[in-house]
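1. using only what follows, build the 3D model:
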Amino acid sequence: MGKVIDLATKQKRLDDAYPLEQEYGIYALLTQLHHIREGRFLRGDYDASVLLLDLARLIEEARLNRRQMQAMQLVFVRDWTQKDAAHWMNISQQAVSNHIRTAIQRIAQVNEREEAA
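-> Here you go, the predicted model:
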């Protein structure tokens, strides 16, 4: 006989770990992006797929500028340090940090507005 999987509990666990209406939740998700993507493929984690789709939609709706997107891609997708990203972007590390912080704030605001509606 197969295992019973409580999908609601699993989704709640992800929602609690990565609250997308909070800046810390988005940051936590971005820092664990590779792990969550891996879970989607290796464990067939449906909830991870839903979470990643939600994040992608929120990023699109946040209408980040080119530099914000670039900083996010380099640091969270390519796993570069902010210092390396700054060097490549020809800006300071503080500017990279500011781009990321602003992007995360905008993403959280989009989700917060949706939750309130």
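
2. which residue is the nearest non-sequential neighbour of the spatially most central residue of the chain?
-> Nearest to the geometric centre of the chain sits residue 30, at 3.6 Å (CA atoms, centre = their mean). Nearest non-adjacent residue to residue 30, counting by CB to CB, 6 or more residues apart in numbering: residue 76, 4.4 Å away. All C-beta atoms are positioned from the backbone trio N, CA, C, and that covers glycine.

3. could you check how far the one you found is from residue 107?
-> In this view, residue 76 and residue 107 are 12 Å apart by CB to CB, to the nearest Å.

4. try residue 79
-> Counting by CB to CB, the gap from residue 79 to residue 107 is 19 Å.

5. got it, and residue 60?
-> Residue 60 is 10 Å from residue 107, by CB to CB.

6. same deal with residue 20?
-> From residue 20 to residue 107 the distance is 8 Å (CB to CB).

7. out of these two, which sits in the busier spot?
-> Just comparing residue 20 and residue 107: by other CB atoms under 10 Å the higher neighbour count belongs to residue 107, 27 against 21.

8. give the buried residues for the longest helix anywhere in the chain.
-> Ranked by residue count, the top helix of the chain under DSSP state H comes out as helix 93-116. Within helix 93-116, the residues that count as buried by 16 or more other CB atoms under 10 Å are 95-96, 99-100, 102-104, 106-108, 110-111.

9. out of those residues, who's nearest residue 86?
-> Nearest to residue 86, judged by CB to CB, of the buried residues of helix 93-116 is residue 96 at 4.6 Å.

10. pretty sure the closest one sits against residue 82.
-> Yes - using CB atoms under 8 Å, residue 96 is in contact with residue 82, at 4.6 Å.

11. where does the prediction get shaky in this protein?
-> 1-13, 15 (pLDDT under 70).

12. all strands of the chain, in order?
-> Counting by DSSP state E, the chain forms no strands at all.

13. mind listing the helices for it?
-> With DSSP H as the criterion, the chain has helices spanning 7-17, 23-31, 33-42, 46-62, 66-72, 82-89, 93-116.

14. starting at the chain centroid, how far to the last one?
-> Averaging C-alpha coordinates over helix 93-116 and over its chain gives two centres that are 10 Å apart (CA atoms, centre = their mean, to the nearest Å).
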